[in-house]
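[1] I'll drop the sequence and a predicted model, then ask my questions.
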Amino acid sequence: MKKVLNLAFVGIIAIAFFAFTPAVNKLSTAKTHVKFFSTTVAEDIEAHNYKSVSTIDTKSGDVVFSVPMQSFEFKKSLMQKHYNSPKFLDTKQFPKAKLIGKIVNLSNVNFEKDGTYEVQFKGTLDMHGKTNPVRETATITVKGPKYLVNSKLNITLSDYDIAFTKGKPSTNIAKTIEVSVEAEYKIANSQSTSTTSATNETPKVIVMVNTAKWCPACKANAKRVEENVLANYMKNEQCHIVVNDLSTEETKNASRHECEKAGITEVAANNPATGVIYFISPATKKVVSQISVTKTNEEINKAFEQALRTI
Amino acid sequence: MDKKKVIKVSLMITGVAIVLAGSFAYYLFNQPHRDVQATKTDFVVESSEIVNEFLSNATLANEKYLDSEGESKIIETTGYIFEISEDFNNNKVMILKSENDKAGVSCTFTPETNNNTSSFKIGDKISIKGVIRSGASYDSDLSMYEDVIMEKCDVISK
């Protein structure tokens, strides 16, 4: 018979892009693929998992990757049963595996610019009740509002008390298993991750920033407004920022989804002007004030404060 | 019975036993995966309710819902659609979550059932059947609540 085992993953980083990404510092994803592969003379065994959850802090480089162990699918059902059983991964007792660590060369990544960056990750993997150090290389591909991470690591099963001393598993399962990870991160905010943020309070004001790659006013003022104005709003708990990126059909779709979640689909559709910041009341879903990004920081802040007072 | 006959009969019985044992081993080895949708539902539960069961006592809930060989309970859950997306396998993923819930139930469909989700949109009420893979919990490293995970899902019409 066969068997199998093990797993893990890795996470990583990224960020970026044009006009008005509000000062990003946390990325999250539930769109992941973890695969493990074991090869011996006797046979190749692989299993796939699409249900992991991960976050990356782009300021500190912290990475967390949580893997639901029962979501690994094998080709053969018997193998899957063996993998889950108390003799091997004991997934009822240990339903999740977790990778925690840091990107050690965070400065190699330009979160503002599309491209592929290589990073070093250092951390620990907790699986089957055992924790071991992990050190791996990963790539981060920054592509518009998406941050793709790919990595591979090798896991020695005996490090995690997954041991086969006799029978077929000892010859059919490799001692070291290759784990590959891919994940597609997005900027996390209180309402945009599938997994719910702990601090999910109703905002006092929704700030919708209409922007586009082709909008000259956006380009000219992006950096200034982002760093001096929007960054402060991000820290303000009363504030929920929605970046309505109208560059292409793809970004429009992504933005529409964000607007939907904030409940401002209609307001967004009625106010398509780019290079404009709209302050919207979450209760009435109406624009209480708006201002062009070409205005000074002081003028924008004044409009913001006025909006807060009006709501 | 002479000695020869005894040997002959024993050999035949042994032969049949070997063939049977072999077939059984072959059957086990190639046993197909459990058909979740064709399997009887173990629990019918609101999405908020199952989330709260895990958040209030994870040990009890794991004991109730998870199986030690991975053939965990088949659940029918009803709730409001909070998010619709696709995974790396191009399967639909729906998260059921009510406004005041800390976590939701994340349901992944299959190539056979993906199309059954097409008429639903965010905010709709829906009933989904699938197998549970893990429970909801607050993870302090992620600083987030993790959803209950269900896979091999299909929409149930009520």
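    Looks like it arrived, so ask away.
[2] Give me the residues contacting stretch B:56-73.
    A:70, A:80-81, A:83-86, A:90-93, A:95, B:34, B:42-43, B:50, B:53-54, B:75, B:131-135, B:137 (Cβ atoms under 8 Å, 6 or more residues apart in numbering or on different chains). All C-beta spots, glycine's among them, are computed from the backbone N, C-alpha and C.
[3] So among those, which ones count as buried?
    Buried members of the contacts of stretch B:56-73, scored by 16 or more other Cβ atoms under 10 Å in any protein chain shown, are A:70, A:80-81, A:83-85, A:90-92, A:95, B:34, B:50, B:53-54, B:75, B:131-135, B:137.
[4] Restricted to helices, list the residues you listed.
    Members of the buried ones among the contacts of stretch B:56-73 lying in helices (criterion: DSSP state H): A:80, A:81, A:83, A:84, B:50, B:53, B:54.
[5] helix or strand right after the helix or strand bottoming out on mean pLDDT in chain A?
    Counting by mean pLDDT, DSSP states H and E, the weakest-scoring helix or strand in chain A turns out to be strand A:196-197, with a mean of 46. Using DSSP states H and E, the helix or strand that follows strand A:196-197 in sequence is strand A:205-211.
[6] elements contacting the helix or strand following that following strand?
    On the C-terminal side of strand A:205-211, the closest following helix or strand by DSSP H and E is helix A:216-225. With contacts defined as 3 or more Cβ pairs under 8 Å, 6 or more residues apart in numbering or on different chains; DSSP states H and E, helix A:216-225 has these neighbours: helix A:297-310.
[7] May I see the buried residues of the helix it packs on?
    A:300, A:301, A:303, A:304, A:307, A:308.
[8] Put together CSV for the residues you listed, with distance to residue A:75 and pLDDT on each row.
    Shown next, in CSV, are the buried residues of helix A:297-310 (distance: Cβ to Cβ, whole Å; pLDDT from 0 to 100):
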residue, distance to residue A:75, pLDDT
A:300, 57, 88
A:301, 59, 86
A:303, 59, 86
A:304, 56, 86
A:307, 57, 83
A:308, 57, 81
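[9] Export the residues you listed as TSV, with columns for distance to residue A:139.
    Conversion of those to TSV gives the following (distance: Cβ to Cβ, whole Å):
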residue	distance to residue A:139
A:300	37
A:301	39
A:303	42
A:304	39
A:307	42
A:308	42
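[10] check which helix or strand covers residue A:250.
    Assigned by DSSP H and E, residue A:250 falls in helix A:249-262.
[11] Can you list the helices and strands that that helix packs against?
    strand A:205-211, strand A:239-245, helix A:265-270.
[12] Flag every buried residue along that helix.
    A:251, A:252, A:254, A:255, A:257, A:258, A:259, A:261, A:262.
[13] Give the closest residue to residue B:124 in space, chain neighbours not counted.
    residue B:81 (5.1 Å; Cβ to Cβ, 6 or more residues apart in numbering or on different chains).
[14] What is the neighbour count of that neighbour?
    Taking other Cβ atoms under 10 Å in any protein chain shown as the neighbour definition, residue B:81 ends up with a count of 21.
[15] Wait, a strand at it?
    Yes. Under DSSP: H, G, I helix; E, B strand; the rest coil, residue B:81 sits within a strand.
[16] just checking, it touches residue B:127?
    No. With contact defined as Cβ atoms under 8 Å, residue B:81 does not reach residue B:127; the gap is 11.2 Å.
[17] what stretches of chain A score poorly on pLDDT?
    A:1-24, A:164-170, A:189-202, A:237 (pLDDT under 70).
[18] Just the closest residue of it to chain B, please.
    residue A:84 (3.2 Å; Cβ to the nearest Cβ).
[19] Excluding residues flanking it in the chain, which one is nearest that residue?
    Per Cβ to Cβ, 6+ apart, closest to residue A:84 is residue B:70, 3.2 Å.
[20] hang on, the earlier thing: mind checking the helices and strands packed on helix A:249-262 for the one nearest to residue A:123?
    strand A:239-245 (30.4 Å; Cβ to Cβ).
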